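Chemist: Pasting a predicted model and its sequence here:
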Amino acid sequence: MNIIVCIKQTFDTEAKITLENGVVKEDGVQFILNPYDEYAVEEALKIREEQGGEVTVVTIGPVRVEEAIRTALALGADEAIHIEEEAAFGDEYTIAEVLASAIKQKPFDLILAGNQAVDDGSGQVAVRLAQLLNIPHISTITKLEISGANVVAQRDAEGDIEIVEATLPVLVTAQQGLNEPRYPSLIGIRKASKKPITKLTLGDLLLSSDAISSKATILEVNLPAAKGAGRVLEGDTATRVAELVRELRQTSKVL
Amino acid sequence: MKRKVLVVADLRADQVRNVSYEALGGAKTLSGGGEVAGLVLGHEISSVASSLGAYGADRVFVIDHPELAQYVPDAYVAAVEQAMKVFEPQVVLFAHSAIGRDVAPALAAKHKAGQVSDVIHVELVDEDVIFTRPIYAGKAFAKVKVAGDMIFATIRPNNLSMPEQANAVAEVVSISYEVPTKMRTKVREVLKKASSGVDLSEAKVIVSGGRGVKSAEGFKPIYGLAEVLDAAVGASRGACDAGYCDYSMQIGQTGKVVTPDLYIACGISGAIQHLAGMSNSKVIVAINKDPEAPVFKVADYGIVGDLFEVVPALTEEAKKILV
């Protein structure tokens, strides 16, 4: 089974966001493999362990994303594809077009991705990618079973669970709860440095930067208005809950 | 420049969700005096069409077919495409919901178009369509402009203001559905979960539990308060990781981002990744034993105390005015 996992390097979820000249500042921020992509990588590894095959991770981003690639390789992925050209760092339209071109060059049976990234959180790229590759997709899955070419997945649909069937090749996006991602082992980390990372340019993908330029442009980024300190209520429990209910009803008008 | 804007209604239990009415208000803004249409998809759902007219749709398209009774990407993508052929919109708005999140990007890719997801504000500046959306789960906000003559967006519930309901009657146009030749995915079964009846993403009030609830059993008082307040129940990552509750309840940078009118955090310390998911709520109440807990920094009202004492007392107090 040829498995492809689309990954993204993101800010650590504990990172504080600050702006410099109107853009989000990267200095001093710790980068991680997008948590939803960790589930995708884990699921790919589990399937390979059961059924054999190869796991290739694909990503787009500047040099720093190699750290996320090495993490995926240390976890057990076999090889990686990295598109490092700046013209490829666009919006969801751009990213999906570039990923589709890169993935088309390889044989694949299954594509996995996180259902969204914790930075942009738009959840578009994987679904767009399935469309461009003309394969079906199942989003936000919490369980995946593959036997032969038959796929059965459980999809989280706002709390309800849909049991969805499809036939390979298929693209699925990982939701929390799909599995328990493993930690990289020492031996895995050592092996990772020897695994191949293929660097592709837009030229390799026969893409012109004009054809893939972003449709959506960020005009400005703002931080939420700082919140004034709230009130800690005093007194015994009965007094405090009575005051709270009164405040919520009369001052805040939310009850 | 006038634009035609299509709002694809999001249905839950065959009822139009409020977010779709909110999207109609946004559509009116973006149309610049052009036409706003609603689209209702499903089976035996024609009766809900008129409500879209009352909230501002000039026309309502209905595609009623057994194949649309259950959401399947191929079926819904084809249906929206067919309605787009009839109406020829320049902007298509969806709810940022299980269905909207799934259909919109597929259509955007097909049309080689831009899409903005999880929109909390829309405006027309000069002739440009501008959306505001949270990034980093609400730690920051981006204003985004989309180029091209086809624009897709998904709208987050509870953020665009609800248009006033008018006595307007929209023309209802039924479109006969051409069933796609192949449905590549099939839903075999839907398992309904017996969690709180109120949907987290659209709830006006949310009561949330953290590690402080100590067990699955410990969520009982949280549910008790939620019932009185007609609230949805959420959880922190800590509570989910500890196995006290289902991941579908998780609020935070991983999990759901929510913006209710009232958020009550019980036994939640307030890790930055949780705060990202709820700190844009209108009013925040924190109940925690630890006076130093970071959650108090974002709370409008704080009660330092044991949630197992405070929450039941609060429930009783709320009952006095609400039940």
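Modeler: Sure, I can see it.
Chemist: can you give me the strands in the stretch 201-323 of chain B?
Modeler: B:205-209, B:232-235, B:262-266, B:283-288, B:301-304 (DSSP state E, counting those that start in this stretch).
Chemist: what lines up beside the first one in the sheet?
Modeler: It stands for strand B:205-209. Strand B:205-209 sits in its sheet next to strand B:232-235 (parallel), strand B:262-266 (parallel), going by DSSP bridges.
Chemist: Just put these in JSON lines and tack on distance to A:Glu85, mean pLDDT and mean neighbour count.
Modeler: In short, each C-beta sits where N, CA and C put it, glycine included. Listed next are the strands paired with strand B:205-209 as JSON lines, based on distance: least, C-beta to C-beta, whole Å; pLDDT from 0 to 100; neighbours: other C-beta atoms under 10 Å in any protein chain shown:
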{"stretch": "strand B:232-235", "distance to A:Glu85": "41", "mean pLDDT": "96", "mean neighbour count": "28"}
{"stretch": "strand B:262-266", "distance to A:Glu85": "43", "mean pLDDT": "98", "mean neighbour count": "28"}
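Chemist: Dump the ones you listed into CSV; add distance to A:Ala72 as well.
Modeler: What follows is the strands paired with strand B:205-209, written out as CSV (distance: least, C-beta to C-beta, whole Å):
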stretch, distance to A:Ala72
strand B:232-235, 29
strand B:262-266, 35
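Chemist: Helices along the stretch 151-300 of chain B, start to end?
Modeler: For the stretch 151-300 of chain B, the helices defined by DSSP state H, counting those that start in this stretch occupy B:220-229, B:237-241, B:272-278, B:295-298.
Chemist: Tell me which residue of the stretch 51-200 of chain B lies closest to chain A.
Modeler: Taking C-beta to the nearest C-beta, chain A has its nearest neighbour within the stretch 51-200 of chain B at B:Gly114, 2.7 Å off.
Chemist: OK, contacts around that residue?
Modeler: By C-beta atoms under 8 Å, 6 or more residues apart in numbering or on different chains, B:Gly114 lies in contact with A:91-93, A:214-216, B:108, B:146-148, B:151-152.
Chemist: Are any of those buried, and if so which?
Modeler: A:91-93, A:214-216, B:108, B:146, B:151-152 (16 or more other C-beta atoms under 10 Å in any protein chain shown).
Chemist: Show the contacting residues for A:Pro136.
Modeler: A:130, A:166, A:170-171, B:73-74, B:184-185.
Chemist: Most neighbours among the residues you listed, which one?
Modeler: Highest neighbour count within those: A:Ala130, with 28 neighbours (other C-beta atoms under 10 Å in any protein chain shown).
Chemist: For B:Gln82, grab the count of nearby residues.
Modeler: When counting by other C-beta under 10 Å, one arrives at 18 neighbours for B:Gln82.
Chemist: Surely it forms part of a strand?
Modeler: No: counting by DSSP: H, G, I helix; E, B strand; the rest coil, B:Gln82 is located in no strand; its state is helix.
Chemist: Report pLDDT for the residue in chain A that chain B sits nearest to.
Modeler: Closest contact between chain A and chain B, by C-beta to the nearest C-beta, is at A:Lys215 (2.7 Å). Note on A:Lys215: pLDDT of 97.
Chemist: Pull the contacting residues for the residue nearest to B:His65 when sequence neighbours are not counted.
Modeler: Nearest residue to B:His65 in three dimensions, chain neighbours excluded: B:Tyr177, at 4.0 Å (C-beta to C-beta, 6 or more residues apart in numbering or on different chains). By C-beta under 8 Å, 6+ apart, the contact set of B:Tyr177 is B:63-65, B:67-68, B:79, B:82.
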